[in-house]
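Chemist: The following comprises the amino acid sequence and a computationally predicted model.
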Amino acid sequence: MIRYASVAAMALILVACGGNSGYQKAEDAQDAGREFIRASLDGNYEKAKFYLLKDEDNLHLLKKQQANYQQMTNEDKRSFSDASILPIEIQAVNDSVTNYKYNNSFHPNDTTTIRIVRVNNEWLVDLKSVIKM
């Protein structure tokens, strides 16, 4: 009987702790952008997905980005992981959309702008904006 209670308690703990993957929700648009970019540079696509607006197009774009990352040499992966995020401009479009323009110290000439949107009081990255821009 004690054994079954222990198993039930462990299952309850796992369910309670497994809900958010240990990642903290972004406090604001800049936080969401920084967390997503850092995770992408580090090749941590599980974490990047946490900060992503999850729709079919964005999930497809993230998978494509992950596939490109996996094709890189180990040296390039290490260089991206060591790179600093260099914000160029963080501009609020309105109270629920912010554009985050940046590059990184490994490829300082490659400028990218991502759109961060607030949906249900949560700040998330919308990768579809990269294609439109």
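Modeler: Thanks, I have the structure now.

Chemist: for the record, mean pLDDT for the longest strand anywhere in the chain?
Modeler: Identified as the longest strand of the chain according to DSSP state E is strand 85-94. For strand 85-94, mean pLDDT rounds to 97.

Chemist: ok, now stretch 62-79?
Modeler: Here stretch 62-79 scores 97 as its mean pLDDT.

Chemist: can you list contacts of that stretch?
Modeler: For stretch 62-79, contacts defined as Cβ atoms under 8 Å, 6 or more residues apart in numbering pick out 40, 43, 45, 48-49, 52, 80, 106, 127. In short, each C-beta sits where N, CA and C put it, glycine included.

Chemist: if we go to 7 Å?
Modeler: Residues outside stretch 62-79 that contact it (Cβ atoms under 7 Å, 6 or more residues apart in numbering) are 40, 43, 45, 48-49, 52, 106, 127.

Chemist: can you check stretch 31-39 too?
Modeler: 26, 47-48, 51-52, 85, 100, 102, 114, 116, 123-125.

Chemist: Cool, thanks, signing off.
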